[in-house]
Each structure stands twice: as C-alpha cells, then as structure tokens.
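K.L.:
I'd like to go over a predicted model; first the sequence, then the structure.
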Amino acid sequence: MLLPVPLPDELFVSVLARLGRLNGVNDLREVAEHLLGLKRCPSFIDAKLNLPDFCLRLGNAYGDPENLLERLTAFSARRSLGEIEDQAWKSLVLGEECISLGELTFFGVVELRFCPSCRESDIECGGVAYWHRTHQLPILHRCVIHGDRLKRAVVKRAALHQSFPLPGDFPDDRAVELPVVWNDHFEMELAVFSDALLIQARPRQGLVGQALLEGLWERKFLNSKGLLRASELFESLIPRIFHDVRLELSKECLGIIRQIVNSIREPTKGMAFGRALLLCALFGHWRIVAERCKWVEALGRSVQDRIHDPRRQEQDARNVKERYREKCLAYITSNPAHSRLGFTKQNYRSFHWLLHNDRSWLDNCLPVAEPDMDQLTLI
C-alpha cells in the first residue's frame, strides 16, 4: 500500500482520504479495516482508532502517537490550553482509550472549511487540494496565508461513512462563505495567533491557564477573591472582537461571549479554542503568551496561588478589620452622644461586620445600652 507524505498543516483524516485515492480504494471502510485492525467497519468517520496499534502497523511512517497528534491534529494545542485533560491525553497515547476519526476531525459540528486561494495553490503546487487543520478551528474565519475569508463546505455526515471528500470536490455553489462575526482587524490577528499556536512550541499544561489568569488580574477582570468580573470583561471584549458593536448584540454573539467566559474556569466544557480567542484578545500574539508562561514557570507562583494564599487571606482580613474599626472610632469621635443605634444607622455594613467578626472590641467601644428601669416599672 502506498502511503502519501503529509503536506504542510494537513489534517489526519485528509491524509487517509488521499491514501485511499492514491491506492484506488473507493470505499474508505476497507482502508480503516486494514490500517486500524478492525474486523468490520460499518462507518469510516466513526471508526475507532488505537494510536499505538495504528503507528505500529505503519512502521511509524507518520511518527509515534504523540508525534501524530502533534503534527496532524489540533489535540496537542487543545491539551496545552487545558481543553483536554492530561489523563485523557496519556490514555490516547498509551492506547488505553480509542478515539474516532470524527473526534479527531470535528469540534462538535460536522463542518469542513477551506480557503479558495489555498485550494488553488495546493493544486498548482502539489496536484491535489487537502484539508488544512488550521482552517478547521471553530474560532478562525480567515486564512492566515492569503487573508481570504474561509468557506464552509456543505457536507452531510452520512456521506462520510463510506468516503471522505477533499476541497477540490466542492464546486463554488456547494461552498458557503462564513458569516462576518469578528471585526476585520481581529480576524487577521486571530488567524496569526492560531497559526502560531499550532506550529510553535507550547508550554506544558497548566501554564497557559495561569498566564490567562495573570492577564485577567492585571486588567482588573478578577477581584481579590479570584471571582470573574463578567460584566467588565463583556464590555471590554465586545468592541475588541466583534464586527457589530451595537448596544444590542444578537443572541449568537452573546452565546459566544458566554462560552468564552466559561472557557476560563472550565476549558473542557467551554468553547473549543475559547481560551485561545481570549488570550489573543488580551495579549495579541502567541509569542507573548509563551513568554509569560516561562515567567510563571520560573517564578512558581500564579494569580490563583496568591488568591488562595492563606497569608494573603489573613492579611486581607486584618485590613478589613482595621478599616471597619477606624470607621467606628471616627463615628465615636464625631458624635459625643454616640450609641449603637446611631452607628448602625450611619454605617450599617461596618456595624454588621464588627458584630459578627470583632464583637468583643465593639462591645468595649460601643457597649450595649443598659435597660431603663423606670420604663420597666411603668410597664
């Protein structure tokens, strides 16, 4: 069997599709049965892949499992972003878990994207158009090489059970241009960022999330307890990334913002590459993010560490106590006929905090009023 050489930025399933055509196989289920060691393959796109077994059968022609995931899929980038847990990655690499070709190809929605200029260039240079993995990222709407707006190829999942098309199979009337969502400047900025994320070296898992928290902290999007100031982040992101910045955004745009925000704390449940979009909006270029990750790794402390640092929490508690005590003393100084009721009316929040957290001090400064015996006798 002839094995095609992977082309620059080619998607894994695209390599398999070209392998079938190179060997004259019309039904890619036969390819899956032969290469994946399946006795019977009812669906090519749903075929389960055991990475170590696949690499062994091909004599590591496409590298070992980690190298294959790194070069032919976006899984390594998603792992660095925290969207794929370390244990899930190890299970795939060791062959403890299998993964379908569809999961390696799509991000939930069955959608294939291509750049018209790349398609023409690929045919002219290599004789065949292929699927670029960068173009498939759900956050990307423009080609980093040509600047063209990407097109969505209209394809039904049922058609992928037996075969898999290539970009050259789609006439213009079967390809739809992606809608305008991001503003033009941010689209190109995001394209450059995503391309660098897939190609350049990435820091180990966890560092990107810490660098993201650092950026949010510096821009005052996190409070002292580490809680996200969502409204401030919304107001900052809308004019930065969206094409339409009217007061009332569409439900689709608001949904995108919510998914991006969810990607901060729970990247495995948020928007695919949502963290990448947010990092691009905060820092502009992947190189800056990588450098910040080096600093985080060298210093060994992150914003999250400082937020949950017991010493910091103790210091914050002392600061709050001193502030409320000062307000109480200021009230006593400025009011000769001071009383608890008067302090409560003037500064209820301070009184309430001291009552529950510093009661002995409060009782010394503002003792509880003695009951009026004359009133009791009258009653």
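P.N.:
Sure, I can see it.
K.L.:
let me see the contact set for Ser14.
P.N.:
Tyr130, Trp131, Phe164, Leu166 (CB atoms under 8 Å, 6 or more residues apart in numbering). Glycine gets a C-beta too; all of them are placed from N, C-alpha and C.
K.L.:
wait, which of the residues you listed is closest to Asn50?
P.N.:
Phe164 (19.7 Å; CB to CB).
K.L.:
helix, strand, or coil at the closest one?
P.N.:
coil (DSSP: H, G, I helix; E, B strand; the rest coil).
K.L.:
do you know how far it is from Val13?
P.N.:
In this view, Phe164 and Val13 are 6 Å apart by CB to CB, to the nearest Å.
K.L.:
now do the shared contacts for the two.
P.N.:
With CB under 8 Å, 6+ apart as the test, Phe164 and Val13 both reach Ile45.
K.L.:
who's in contact with stretch 76-94?
P.N.:
51-52, 65-66, 69-70, 75, 96-97, 99, 197-198, 202-206, 208-209, 263, 267-268, 270, 272-273, 275-276.
K.L.:
next, the distance between the ends of it.
P.N.:
Using CA to CA, to the nearest Å, the gap from the first to the last residue of stretch 76-94 comes to 15 Å.
K.L.:
list buried residues within the contacts of stretch 76-94.
P.N.:
Buried members of those, counted by 16 or more other CB atoms under 10 Å: 51, 65-66, 69-70, 75, 99, 197-198, 202-203, 205, 208-209, 263, 267, 270, 272-273, 275-276.
K.L.:
ranges for the helices of the stretch 101-250 of the chain?
P.N.:
Taking DSSP state H, counting those that start in this stretch, the helices of the stretch 101-250 of the chain run over residues 101-105, 116-126, 184-199, 207-218, 230-241.
K.L.:
what's the closest of those helices to Ala337?
P.N.:
Closest to Ala337 of the helices of the stretch 101-250 of the chain, according to CB to CB: helix 230-241, at 42.8 Å.
K.L.:
and the closest one with helix 184-199, angle?
P.N.:
For helix 230-241 against helix 184-199, the angle by axes from the mean of the first three to the mean of the last three CA atoms, to 10 degrees is 100 degrees.
K.L.:
where in this structure is pLDDT low?
P.N.:
Counting by pLDDT under 70, the chain has low-confidence residues at 244-250, 300-318, 370-379.
K.L.:
and for stretch 17-35, what's in contact with it?
P.N.:
If you take CB under 8 Å, 6+ apart as the criterion, stretch 17-35 is touched by 1-4, 16, 38-44, 47, 54, 57-58, 101, 128, 130, 161-166.
K.L.:
what do you get if the cut-off is 10 Å, keeping everything else the same?
P.N.:
Here stretch 17-35 makes contact (CB atoms under 10 Å, 6 or more residues apart in numbering) with 1-7, 10-11, 13, 16, 38-49, 53-54, 57-58, 101, 126, 128, 130-131, 160-166, 169.
K.L.:
do the same with stretch 283-300
P.N.:
80, 186, 189, 192-204, 206-215, 275-276, 279-280, 282, 302-303, 305.
K.L.:
and for stretch 232-247?
P.N.:
Applying CB under 10 Å, 6+ apart, the contact partners of stretch 232-247 are 139, 179-187, 189-190, 216, 219-222, 229, 249-250, 253-254, 256-258, 260-261, 264, 277-278, 280-282.
K.L.:
how does it look with 7 Å?
P.N.:
With contacts defined as CB atoms under 7 Å, 6 or more residues apart in numbering, stretch 232-247 is touched by Val180, Val181, Trp182, Asn183, Phe186, Lys220, Phe221, Leu249, Cys253, Ile257, Val261, Ala281.
K.L.:
for the last one, give me its contacts.
P.N.:
In this structure, Ala281 makes contact with Leu237, Arg240, Ile241, judged by CB under 7 Å, 6+ apart.
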